[in-house]
Structure formats: C-alpha cells, structure tokens
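my questions concern the predicted model and sequence given below.
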Amino acid sequence: MKKKAIIYKPSKTAMQSGYNNTKKWILEFITENVPDNPLMGWQSSSDTNSEVRLEFLSKENAMKYAEKNEIDYELKSDHKRKIVKKSYADNFTK
C-alpha cells in the first residue's frame with residue numbers, strides 16, 4: 001500500500017502577527033481508517049506516519065521528495081494574501 005500525503009504552505013495563525021512561519025512548505029501524511037478506542041472514545045492509530053510533518057524550503061523540493069520515496073501526494077496551492085489599503089481618514093468619510 002502506497003503512502004499518501006498532502007503538500008501545502010501553512011497559513012498564518014490567529015495568534016501570530018508575523019508571516020515568518022508561513023514561508024516553508026509542509027508534507028504531512030494522511031492517515032486512513034482511524035479507529036475509535038472503545039474504552040475512552042479516543043481516536044487511535046498504529047500508523048506512526050500520521051505524526052510525521054516534514055518541512056521544505058520550496059514546493060519543488062517537497063514534490064521531489066515525495067516522488068523519490070514513492071509517496072502519492074495531493075498539492076494544495078498557496079493562497080496569496082490580499083492587501084487592502086486603509087487610511088485613517090476612511091473612518092470619517094463613510
């Protein structure tokens with residue numbers, strides 16, 4: 001069975017104001033068939049790949065790694081941020 005992964009560029013979290021942690025591309029493995037623990041109701045898995053998160057400097061490096069290691073991957077495109085120019089005077093003119 002081939003491993004499956006997602007390659008994406010993370011977005012800025014609400015708890016940070018800077019964009020420094022959004023420059024790398026992430027490869028995360030997809031875990032399928034996650035069973036529920038009947039005693040506690042938690043989800044558990046014997047697949048340790050679900051804990052692996054690899055960082056790459058570029059999308060191409062992540063894709064090369066996946067192809068070299070025969071990993072099926074899904075590429076999620078990065079979203080460009082939209083900059084809205086604001087002026088203090090706009091508070092009073094509307």
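Received, thanks. Numbers count the residues shown, from 1 in each chain.

strands of the chain, start to end?
For the chain, the strands defined by DSSP state E cover 4-8, 25-29, 53-56, 72-75.

nearest to residue 43, out of these?
Residue 43 lies closest to strand 25-29 among the strands of the chain, at 15.5 Å (C-beta to C-beta). For the C-beta atoms, the positions are set from N, CA and C on the backbone; glycine is no exception.

now the closest one and strand 4-8, what's the angle there?
160 degrees (axes from the mean of the first three to the mean of the last three C-alpha atoms, to 10 degrees).

give me the local confidence score for the closest residue to residue 49 other than its chain neighbours.
In this structure, residue 49 finds its nearest non-sequential neighbour in residue 29, 4.0 Å apart by C-beta to C-beta, 6 or more residues apart in numbering. Per-residue pLDDT puts residue 29 at 90.

neighbours around residue 29, how many?
Around residue 29 there are 18 other residues, counting by other C-beta atoms under 10 Å.

over to residue 67?
11.

any idea how far it lies from residue 38?
39 Å (C-beta to C-beta, to the nearest Å).

and residue 54, by the same measure?
33 Å.

of those two, who's got more company?
Neighbour totals were compared for residue 54 and residue 38, and residue 54 leads with 16 against 7 (other C-beta under 10 Å).

Throw the strands of the chain into CSV and include distance to residue 15, thanks.
Formatted as CSV, the strands of the chain follow (distance: least, C-beta to C-beta, whole Å):
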stretch, distance to residue 15
strand 4-8, 19
strand 25-29, 18
strand 53-56, 18
strand 72-75, 27
